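**Student:** Kindly generate the corresponding structure for this input.
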Amino acid sequence: MQRVAGSLIVASAVIVTACSAKDAKPDTTTPAQAAAPAAPASKASFDPATHVAVIHAKDYAFDAPDSVSAGWTTFHFLNDGPSLHHAALVRLDSGKTIADLEADVKAHPDGPPPPWAVSVGGPNAADPGGSTDATFNLSEGNYVFLCFVDAPDKVPHFTKGMVRPLKVVASTTPAPEPTADVTVTLADYSFAVAGKLTAGKHTIKIVNKGPQEHELELARIAPGKTTKDFLDWIYKPEGPPPGNALGGIAGAANGSTAYVTVDLQPGNYSFLCFIPDAKDHKPHLAHGMIKDFKVQ
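**Tutor:** So this is what the prediction gives:
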């Protein structure tokens, strides 16, 4: 949630503007204008039988279901845009809303995020044209999707409109918790892996033992390239990308548990955390929160 503070006023304005436009009545004092083209049909969905929600991202909007059911919910995230995107998910506790969050930021512009705004993860960044699957245990309540990706122009995508509310409602048939074959524990500032990451499909359990918020971004590094090459390209994309963003989980608070499913090919990979540090605001990867590994 650290990346929300100081800028959510803009995100709130985006939502308020969108709602105002939706609710506005036509001006009957002016001549009727030609009808605007119909909006494209939504590709988002939620299946209460499988507890799978499908989310599409583009430059700069989410196409997501309005609600999902509580419990273990899998988000199948597809990036339809030409830029990197993710769908960071923030829960607004104590009956709070986006308007409450806006008011808190205005009242405490330099303070920490309010305790009722909790980062719970969400599917992390996937390449343009790519997808990722991530599973989270959601309680009932109000949530909001935001895209904090700011590469390469240093302007977070949620300030450009990538904000979407989500309602989590009661479920009569909750899904079981996934079963993992690999566990990755996040800490300040490390990734600890239990199990073997081999070629093929894996379900990875991700546990944040913090104490800070952390994320896990999985990157596949191109042959002959390094993780540094990949990071340099993200912030200054010139030429072919020296790797691929494969997803993971976006920022999640201390004590959180999530799951991602991956299908690894032989090659070099890296786990990365871009969350800014609470003390110096440098990304956690600058404090050593990078783990390179090889898949045979």
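
**Student:** Just checking, which helix or strand of the protein averages the lowest pLDDT?
**Tutor:** Least confident helix or strand of the chain, by mean pLDDT, DSSP states H and E, is helix 8-23 with a mean of 39.

**Student:** And the next helix or strand past that helix?
**Tutor:** As assigned by DSSP states H and E, the chain's next helix or strand after helix 8-23 is strand 45-47.

**Student:** Tell me which strands that following strand pairs with, and in which orientation.
**Tutor:** strand 52-58 (antiparallel) (DSSP bridges).

**Student:** So what touches the strand it pairs with?
**Tutor:** Residues outside strand 52-58 that contact it (C-beta atoms under 8 Å, 6 or more residues apart in numbering) are 43-47, 62-65, 68, 73-81, 85-87, 123, 145, 147, 162. All C-beta spots, glycine's among them, are computed from the backbone N, C-alpha and C.

**Student:** Give me the mean pLDDT for it.
**Tutor:** Average pLDDT, strand 52-58: 98.

**Student:** Could you do stretch 259-271 as well?
**Tutor:** pLDDT averaged over stretch 259-271 gives 98.

**Student:** what's the first-to-last distance across that stretch?
**Tutor:** End-to-end distance for stretch 259-271: 15 Å, by C-alpha to C-alpha, to the nearest Å.

**Student:** swap in stretch 40-53?
**Tutor:** Per C-alpha to C-alpha, stretch 40-53 runs 19 Å from first to last residue.

**Student:** mind listing what's buried in that stretch?
**Tutor:** 44, 46, 51-53 (16 or more other C-beta atoms under 10 Å).

**Student:** Where do the helices of the protein begin and end?
**Tutor:** Ranges of helices in the chain, per DSSP state H, are 8-23, 98-107, 227-235.

**Student:** Is it possible to get CSV of the buried residues of stretch 40-53 that adds distance to Lys209?
**Tutor:** Putting the buried residues of stretch 40-53 into CSV (distance: C-beta to C-beta, whole Å) gives the following:
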residue, distance to Lys209
Ala44, 33
Phe46, 31
His51, 26
Val52, 28
Ala53, 27
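
**Student:** how far does stretch 283-296 sit from the chain's center?
**Tutor:** Computed by C-alpha atoms, centre = their mean, to the nearest Å, the chain-centroid distance of stretch 283-296 equals 19 Å.

**Student:** So for it, what gets flagged as buried?
**Tutor:** Those would be 283-285, 289-291, 295, for stretch 283-296 by 16+ other C-beta under 10 Å.

**Student:** Based on its surroundings, how many neighbours for the closest residue in space to Val295 that isn't next to it in sequence?
**Tutor:** Spatial nearest neighbour of Val295, excluding adjacent residues (C-beta to C-beta, 6 or more residues apart in numbering): Leu264 at 4.8 Å. Burial measure for Leu264: 18 neighbouring residues, criterion other C-beta atoms under 10 Å.

**Student:** Leu264 pairs with what?
**Tutor:** Taking DSSP bridges as the rule, Leu264 bridges to Gly200.

**Student:** Pull the contacting residues for it.
**Tutor:** 197-202, 295.

**Student:** Check those and tell me the two furthest apart.
**Tutor:** Greatest spatial distance among the contacts of Leu264 (C-beta to C-beta): Lys201 and Val295, at 12.1 Å.

**Student:** For Thr198, see how far away Ser270 is.
**Tutor:** Distance of Ser270 to Thr198, given as C-beta to C-beta, to the nearest Å: 17 Å.

**Student:** which one of the two has more residues nearby?
**Tutor:** In terms of neighbours (other C-beta under 10 Å), Ser270 is the more surrounded of Ser270 and Thr198; the figures are 21 against 13.

**Student:** What residues does the more buried one make contact with?
**Tutor:** 218-219, 221, 227, 230, 290-293.

**Student:** Got phi/psi on Ala170?
**Tutor:** Backbone torsions for Ala170, taken as degrees, to the nearest 10, come to phi -60, psi 150.
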